[in-house]
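1. sequence first, predicted coordinates after that:
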Amino acid sequence: MKIKYLGTAAAEGIPAMFCACELCQKARRLGGKDVRMRSQMLIDGDILVDFGPDVFYFTLKYGFNLSQIRYFLITHSHGDHWIPQPFKYRKQGFSYEHIRKEFYIIGSDKITGDPLLLSLEEKIPGRRVTAKPFEPLFFCDLKVTPLPATHMQIECALTYLIERDGKSLLYFNDTGVVGKEVDEFLKAAGARIDLVSFDCTKGDIPYNYNSHMSLAECTSMKERFLEAGICGSFTRFIVTHFSHNCRYTHAELEQAAQRYGFTVACDGLEIEI
Ligand SMILES: [Zn+2]
Ligand SMILES: [Zn+2]
Ligand SMILES: [Zn+2]
């Protein structure tokens with residue numbers, strides 16, 4: 001499984017577009033790994049996790065096009081993770097040749113019931129698949145297990161266990177610390193997770209905001225997963241989805257994350273498991 005972090009920031013990006021705080025000014029000056037687009041991930045060239053406002057830029061920067069995506073896997077409807085409008089441009093007239101003749105849009109009923117997608121039903125060959133927590137979805141070459149995030153009141157935001165060719169990735173954002181039923185379900189399912197990608201919006205600052213996580217909270221989840229036996233020495237742990245509120249540059253985040261045993265994602269990071 002080839003994983004590519006396209007974007008690694010929270011909703012406002014880094015530098016946050018309206019912000020002149022010390023970190024944002026530094027990020028503008030330093031560029032490189034200190035600039036972060038909104039979070040999205042590309043897997044094996046044909047799975048896109050989330051579909052946010054920077055998607056057009058990603059296709060240009062990383063040399064792919066959206067007609068090659070077979071699975072659009074959406075975590076929740078917050079605007080940094082889901083913007084349905086571009087699907088209009090899959091219609092005849094806006095596009096002609098497509099690498100995939102069909103594709104899937106997978107998400108909660110909030111995503112699959114999106115009025116714009118419904119209005120496009122006859123015009124684009126995208127199958128909408130409604131994901132429910134703890135109910136695995138099977139595709140010809142992929143298994144996706146939706147799990148409940150701790151993130152929003154009005155919608156069931158989801159995290160996903162993504163399995164293909166004997167490898168597994170737990171994509172664990174946007175979420176705060178989740179209930180123990182997640183560990184129990186994964187343990188009962190016999191999961192052995194090769195990579196866990198954690199929400200780390202708060203960086204090393206444990207401020208009181210429970211719909212995202214800090215390094216300390218990611219560590220508590222990591223320890224739970226190790227104890228449940230679903231992770232082990234075979235597991236890589238990565239942190240992503242950073243906000244400028246965490247106040248750390250990439251180098252400072254790396255220094256802090258080392259103490260907890262995490263790799264810090266940056267835009268463009270590629271990992272093969
Ligand atoms: Zn987000
Ligand atoms: Zn800022
Ligand atoms: Zn969110």
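-> Thanks, I have it. Ligands and ions are numbered 1, 2, ... in the order given.
2. max-length helix in the protein?
-> Longest helix of the chain, by residue count under DSSP state H: helix 215-228.
3. pull out the buried positions in that helix.
-> The neighbour-count check on helix 215-228 (16 or more other C-beta atoms under 10 Å) flags 215, 217, 218, 219, 221, 222, 224, 225, 228 as buried. The C-beta positions use only the backbone N, C-alpha and C, and glycine is treated the same way.
4. which stretches in the stretch 1-150 of the chain count as strands?
-> Ranges of strands in the stretch 1-150 of the chain, per DSSP state E, counting those that start in this stretch, are 2-7, 40-43, 47-49, 71-73, 103-107, 126-130, 137-139, 142-148.
5. distance from the third one to the middle of the chain?
-> The one in question is strand 47-49. 8 Å (C-alpha atoms, centre = their mean, to the nearest Å).
6. ok, the longest one next?
-> Centre-to-centre, strand 142-148 and its host chain are 13 Å apart (C-alpha atoms, centre = their mean).
7. could you list every helix and strand in contact with it?
-> Secondary-structure packing of strand 142-148 (3 or more C-beta pairs under 8 Å, 6 or more residues apart in numbering; DSSP states H and E): strand 71-73, strand 137-139, strand 158-164, helix 180-188.
8. let's see that with 10 Å instead.
-> Packing partners of strand 142-148 (3 or more C-beta pairs under 10 Å, 6 or more residues apart in numbering; DSSP states H and E): strand 71-73, strand 103-107, strand 137-139, strand 158-164, strand 167-172, helix 180-188.
9. average pLDDT across the longest helix of the chain?
-> When pLDDT is averaged over helix 215-228, the result is 97.
10. a markdown table for the strands of the stretch 1-150 of the chain, including mean neighbour count and distance to ligand 3?
-> Output for the strands of the stretch 1-150 of the chain, formatted as a markdown table (neighbours: other C-beta atoms under 10 Å; distance: least, C-beta to the ion, whole Å):
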| stretch | mean neighbour count | distance to ligand 3 |
| --- | --- | --- |
| strand 2-7 | 22 | 13 |
| strand 40-43 | 21 | 13 |
| strand 47-49 | 24 | 13 |
| strand 71-73 | 24 | 15 |
| strand 103-107 | 24 | 13 |
| strand 126-130 | 16 | 19 |
| strand 137-139 | 14 | 21 |
| strand 142-148 | 20 | 14 |
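11. mind checking the end-to-end distance for stretch 42-59?
-> 10 Å (C-alpha to C-alpha, to the nearest Å).
12. return the set of buried residues in it.
-> Within stretch 42-59, the residues that count as buried by 16+ other C-beta under 10 Å are 42-44, 46-55, 58-59.
13. how close does the residue nearest to residue 141 when sequence neighbours are not counted sit to ligand 3?
-> Using C-beta to C-beta, 6 or more residues apart in numbering and skipping the chain neighbours, the partner closest in space to residue 141 is residue 164 (6.2 Å). Plainly put, residue 164 is 25 Å away from ligand 3 if you go by C-beta to the ion, to the nearest Å.
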